[in-house]
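>>> build me a model from this:
(one chain, ligands or ions: 1)
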Amino acid sequence: MNLNDFLLAKRALVERTLDVHLPPAGTPPPIIHEAMRYAVLGGGKRIRPIIAIAAAEAVGAHAANIEPLLLPFCALELIHTYSLVHDDLPALDNDDLRRGRKTTHVVYGEAMGVLVGDALLTEAFTWLAKPLARTEPARQLRAIAEVAKAVDSTGMIGGQVADIVAERSHEQSDDRDALLRELNFIHRNKTGKLFTASVLLGGLLGGASDDQLHALRRYADALGLAFQIVDDLLDIEESSATLGKTAGKDVAQGKLTYPALLGVDTARAEVDRLLGEAVRNAGVIAGPVNTLAPIARYICERRS
Ligand code: GRG
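Numbering: from 1, shown residues only. Below you'll find the predicted structure:
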């Protein structure tokens, strides 16, 4: 199976799981459930659950064993979508376009935008905590803790806070090394940690050994940072129509980004270096099915 077919097949599994397990739109009170479904089922690459599936398969979970893991893997998409819905709110990025459609708060109002994010984050932990017949409870608890830690105030939220604090203020500094350290902190927390947690969730629930988990962590840390640098590059290189979200916002908002700090060519070279690191670590995880390296290439070469 080539990578494109793999991505299409796994995306279909993710879409089905999300659709089946999200509360039906008519569940009282209908407005929140309709809005949650609008936010989640409105497109997106679904890369976090897909990468969890790929990690589980790479450490030896067969396709037949993946089915019960789809629910916890799709919890990653709920957390990711919550972060996008909140990020688009007027108090944060104030955006009206996401995944090629109006943002959730534009359609359902600001209060509902806040509550949809809250509800998705909570629902995610219900999905993660559902008992798994083939997984030891201690291993599942460890996996849940990895995800929680990745998105707490020392993870994704901390990265978002540092990003807000750095906005514009970095224009007053000419200490490039300090700015680069600050930027790495933002990217590794805001984007990288949920990425790493996705790969580790796949590895842990797929039955990875400690050595495999170590390689998965290194793979994911490199790829998570590369993912965000590519996101920075696409913001200046692509149109809103291609991205399905407002392009050119980083420059408009004076954001601290890799291309702003180091230039486009150096930022691209850093993506290549991180890709090399991810591919090397993907190679350490021996297994008959290993799509981790092609997925890393896809992430670094994507145009949206
Ligand atoms: C609590 C009010 C409040 C706000 C929190 C959590 C948060 C705001 C922001 C999270 C940070 C964030 C949005 C990071 C961006 C990560 C990123 C590169 C998103 C784009 O991911 P893709 O390309 O998107 O996977 P699709 O649409 O394909 O799913």
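
>>> and the helix-or-strand element of the chain with minimal mean pLDDT, what does it pack against?
In the chain, no helix or strand scores lower on mean pLDDT, DSSP states H and E than helix 63-66, which sits at a mean of 82. Taking 3 or more Cβ pairs under 8 Å, 6 or more residues apart in numbering; DSSP states H and E as contact, the helices and strands that helix 63-66 lies on are helix 47-58. Every C-beta, even on glycine, is put in place using the N, C-alpha and C of the backbone.

>>> now with 10 Å, please.
helix 3-21, helix 47-58, helix 193-206 (3 or more Cβ pairs under 10 Å, 6 or more residues apart in numbering; DSSP states H and E).

>>> can you redo those helices as CSV with distance to the ligand, mean pLDDT and mean neighbour count?
Below are the helices and strands packed on helix 63-66 laid out as CSV (distance: least, Cβ to the nearest ligand atom, whole Å; pLDDT from 0 to 100; neighbours: other Cβ atoms under 10 Å):
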stretch, distance to the ligand, mean pLDDT, mean neighbour count
helix 3-21, 11, 97, 16
helix 47-58, 5, 97, 27
helix 193-206, 8, 98, 27
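
>>> for those helices, please prepare TSV with the additional fields distance to residue 69.
TSV is the format used below for these (distance: least, Cβ to Cβ, whole Å):
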stretch	distance to residue 69
helix 3-21	10
helix 47-58	6
helix 193-206	5
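
>>> what segments of the stretch 201-304 of the chain are helices?
For the stretch 201-304 of the chain, applying DSSP state H, counting those that start in this stretch gives helices covering 210-237, 240-243, 249-252, 258-262, 264-284, 292-301.

>>> could I get the buried residue list for the longest one?
For helix 210-237, the neighbour count (16 or more other Cβ atoms under 10 Å) marks 212-213, 215-237 as buried.

>>> and the second one, by the same measure?
By neighbour count on 16+ other Cβ under 10 Å, the buried set for helix 240-243 is residue 243.

>>> give me the mean pLDDT for it.
Mean per-residue pLDDT for helix 240-243: 92.

>>> give the other helices and strands that that helix contacts.
Looks like helix 240-243 contacts strand 97-98, helix 210-237 (3+ Cβ pairs under 10 Å, 6+ apart).

>>> export those as CSV, with columns for distance to the ligand and mean pLDDT.
Output for the helices and strands packed on helix 240-243, formatted as CSV (distance: least, Cβ to the nearest ligand atom, whole Å; pLDDT from 0 to 100):
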stretch, distance to the ligand, mean pLDDT
strand 97-98, 7, 97
helix 210-237, 4, 96
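
>>> so residue 162 makes contact with residue 186?
Yes: if you go by Cβ atoms under 10 Å, residue 162 and residue 186 touch, sitting 4.9 Å apart.

>>> give me the common contacts of the two.
Overlap of the contact sets of residue 162 and residue 186 (by Cβ atoms under 10 Å, 6 or more residues apart in numbering) consists of residue 256.

>>> of these two, which one has the most company?
Using other Cβ atoms under 10 Å, the more surrounded residue of residue 162 and residue 186 is residue 186, with 24 against 18.

>>> surely the more buried one touches residue 193?
No: using Cβ under 10 Å as the test, residue 186 is too far from residue 193 to be in contact (11.3 Å).

>>> okay, and the common contacts of the two?
Residues touching both residue 186 and residue 193 (Cβ under 10 Å, 6+ apart): 158-159.

>>> which stretch among the helices and strands packed on helix 63-66 approaches residue 258 most closely?
With Cβ to Cβ as the criterion, residue 258 lies closest to helix 193-206 of the helices and strands packed on helix 63-66, at 16.1 Å.

>>> up against the ligand, what does this protein have?
Residues of the chain lying close to the ligand (Cβ under 6 Å from any ligand atom) are 44-45, 47, 80, 83-84, 86-87, 89, 92, 99, 156-157, 160, 190-191, 228, 231.

>>> how about a cut-off of 8 Å?
Remark: the part of the chain in contact with the ligand comprises 43-48, 77, 80-84, 86-87, 89, 91-93, 98-99, 114, 117, 151, 156-157, 159-160, 163, 190-191, 194, 227-228, 231, 244-245, 304, using Cβ under 8 Å from any ligand atom.

>>> could you tell me which of those residues count as buried?
Buried among these by 16+ other Cβ under 10 Å: 44-48, 77, 80-84, 86-87, 89, 93, 98-99, 114, 117, 151, 156, 159-160, 163, 190-191, 194, 227-228, 231, 244-245.

>>> okay, and which of those residues map to strands?
Mapping those onto strands (DSSP state E) picks out residue 98.

>>> okay, the residue nearest to residue 59 when sequence neighbours are not counted: pLDDT?
Excluding its sequence neighbours, the residue lying closest to residue 59 (Cβ to Cβ, 6 or more residues apart in numbering) is residue 208, at 4.0 Å. The per-residue pLDDT reported for residue 208 equals 96.
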